[in-house]
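Enquirer: build me a structure from this.
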Amino acid sequence: QVQLVESGGGLVQAGGSLRLSCVASIRTFSSYAMGWFRQAPGKERELVAGISWMGRITYYVDSVKGRFTISRDNAKNAVYLQMDSLKPEDTAVYYCAASLSGPKISKEFASWGQGTQVTVSS
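Expert: Below is the predicted model:
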């Protein structure tokens, strides 16, 4: 069973930064692609960033390219999302997710954390 626990959300002013962390209780963590999703009120959940099992392939939705960076530390069973130059439209609940497939196809992520709230004030 895959368990994912996110942390690092909070309230930040526009232009600020936050770093989200996700720790996974997966025995074979390095076999999974990992991703960060977000869901804003009234909107569908979207894949924001994904990273392959060895970190060689990354994916970003266009709206965060150049501002967000996904990374992972397989020795710590952890994945991170560094978010810089935050905008009010980045406000959402952010979820960590795991996939046994690649990091770019949102429907292939089958395991989810409980989410962490990110609020960006203008």
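Enquirer: residue boundaries of the strands in the protein?
Expert: 4-7, 10-13, 18-24, 33-39, 46-51, 58-60, 68-73, 78-83, 92-99, 111-112, 116-121 (DSSP state E).
Enquirer: CSV for the ones you listed, including distance to residue 105?
Expert: Where you see a C-beta, it was placed from the backbone N, CA and C, and this is true even at glycine. Below are the strands of the chain laid out as CSV (distance: least, CB to CB, whole Å):
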stretch, distance to residue 105
strand 4-7, 18
strand 10-13, 30
strand 18-24, 19
strand 33-39, 9
strand 46-51, 8
strand 58-60, 9
strand 68-73, 15
strand 78-83, 17
strand 92-99, 8
strand 111-112, 14
strand 116-121, 23
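Enquirer: ranking those by mean pLDDT, which is last?
Expert: Among the strands of the chain, strand 111-112 carries the lowest mean pLDDT, at a mean of 88.
Enquirer: any chance of the strands of the chain in a markdown table, plus mean neighbour count?
Expert: Converted to a markdown table, the strands of the chain look like this (neighbours: other CB atoms under 10 Å):
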| stretch | mean neighbour count |
| --- | --- |
| strand 4-7 | 18 |
| strand 10-13 | 13 |
| strand 18-24 | 20 |
| strand 33-39 | 24 |
| strand 46-51 | 22 |
| strand 58-60 | 17 |
| strand 68-73 | 18 |
| strand 78-83 | 22 |
| strand 92-99 | 23 |
| strand 111-112 | 17 |
| strand 116-121 | 17 |
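Enquirer: residues contacting the most centrally placed residue in the chain?
Expert: Note on the chain: the residue nearest the mean C-alpha position is residue 36, at 2.1 Å, using CA atoms, centre = their mean. Each residue near residue 36 by CB atoms under 8 Å, 6 or more residues apart in numbering is listed here: 20, 22, 47-50, 70, 79, 81, 94-97.
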